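Student: This is a predicted model, with the sequence first.
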Amino acid sequence: MTQEELTKKITENLSSSDQFDKWDALDVTDPDYMTYSPIPVGYNTTSEQRYLMQNLLIGFYNDSILDIGCGRADLYGFLENFYPDISVAYHAIDHNPVMTGLAKQKYNINCLTGAFESAELPKSEWVVANGVFTQRRCETEDEDLSKLFEDVDILYQTATNTVAFNLLNPINNTHHEGFFYVHPGLVLDMLIEKYQNVVLRNNYSKDVYTVQIYKF
C-alpha cells in the first residue's frame, strides 16, 4: 500500500458515514444494539472506536495479531476492511462470555473466554489491548500501577514484534470515579527503562493516549 493509498484509507476510515450514524443512534431497545452500537464496548461513536483501533495499529503489516479484551471482536472487522490485501491470523480473548458470544454471532470467529493474565495465550506478532486498562482494578493507585506494568509484561512476553495499548490521561481532564488515570510521562519513563523501544502518542484527545512497545 503506497503512502497515498494509506492516507486515503485513513481519511475514509475516520469519516462519518450513514452506517456509522445509524449504529451510533441505536438505543437499548433496538435488537441490533449489543451487536452494532459503540456504547456496549465503551465508545461514544463508531468513528471514535475506529480511530483508536487505527492508532493502535500504526506500523502494522504483519501476519498475526492477539486482541486482548476483544469485546465483540470489532478489531477483526476493522482489519478485514482496512487491510484487505493481507491475510491476518486473528486471535482474541475476553473475560465476558456475552461478548465472545457476540463475536461468534457477528463475525463467525471463535474467541477465548477467560482472564488473559492466566490463560495460555498464542504467540502473535502484534498484541493489542484496547480499553483494557481504563478501569480501576485494585484498592490503591500504587497497586493499580503495579498491576498495569505486570500486565504489560505479559503482553510483551506474548508478542514477537509489537505491543500496543491505551491509557487514560490525568492531565487537563475530568477524573471519574472507578477509572484509572496514569501520567504519560511516568509511563514513558518506566517503559523506556525496561523495554527501550517505546512510542507514546497523545494525538487523539485530552482523555486517551496510546503506547506502543517495539521488540527489535
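Tutor: Sure thing, it's come through.
Student: Where does pLDDT dip in this structure?
Tutor: 1-16 (pLDDT under 70).
Student: can you rerun that using 90?
Tutor: Applying pLDDT under 90 to the chain flags the ranges 1-19, 42-44, 47-48, 51, 59-63, 80-87, 131, 172-176, 203-207, 216.
Student: show me the biggest helix of it in terms of residues.
Tutor: The residue-count maximum for a helix in the chain (DSSP state H) belongs to helix 141-158.
Student: Find the nearest non-adjacent residue to residue 112, please.
Tutor: Using C-beta to C-beta, 6 or more residues apart in numbering and skipping the chain neighbours, the partner closest in space to residue 112 is residue 93 (4.0 Å). Yep, even glycine has a C-beta here, placed from its N, CA and C like the rest.
Student: Please report how far the one you found lies from residue 122.
Tutor: 9 Å (C-beta to C-beta, to the nearest Å).
Student: which of the two has more neighbours?
Tutor: Set side by side, residue 93 and residue 122 give different neighbour counts by other C-beta atoms under 10 Å, the larger being at residue 93 (20 against 14).
Student: Give me the secondary structure label for the more buried one.
Tutor: Using DSSP: H, G, I helix; E, B strand; the rest coil, the secondary structure recorded for residue 93 is strand.
Student: Show me the beta-bridge partners of it.
Tutor: Beta bridges link residue 93 to residue 68, residue 112 when assigned by DSSP bridges.
Student: Which residues are in contact with it?
Tutor: 66-70, 111-114, 116, 119, 121 (C-beta atoms under 8 Å, 6 or more residues apart in numbering).
Student: And for residue 130?
Tutor: Counting by C-beta under 8 Å, 6+ apart, residue 130 touches 52-53, 56, 67-69, 75, 165-166.
Student: Ok, residue 35 next?
Tutor: Taking C-beta under 8 Å, 6+ apart as the criterion, residue 35 is in contact with 72, 102, 105-106.
Student: at 6 Å instead, please
Tutor: By C-beta atoms under 6 Å, 6 or more residues apart in numbering, the contact list for residue 35 reads residue 106.
Student: Ok, the one 10 residues further on next?
Tutor: Going by C-beta under 6 Å, 6+ apart, residue 45 touches 24, 38.
Student: would you list the contacts of residue 130 in a markdown table and tack on neighbour count?
Tutor: Formatted as a markdown table, these follow (neighbours: other C-beta atoms under 10 Å):
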| residue | neighbour count |
| --- | --- |
| 52 | 20 |
| 53 | 20 |
| 56 | 25 |
| 67 | 27 |
| 68 | 25 |
| 69 | 21 |
| 75 | 24 |
| 165 | 22 |
| 166 | 22 |
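Student: Kindly reformat those residues as a markdown table containing distance to residue 127.
Tutor: Below are these laid out as a markdown table (distance: C-beta to C-beta, whole Å):
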| residue | distance to residue 127 |
| --- | --- |
| 52 | 16 |
| 53 | 14 |
| 56 | 10 |
| 67 | 8 |
| 68 | 7 |
| 69 | 11 |
| 75 | 12 |
| 165 | 9 |
| 166 | 13 |
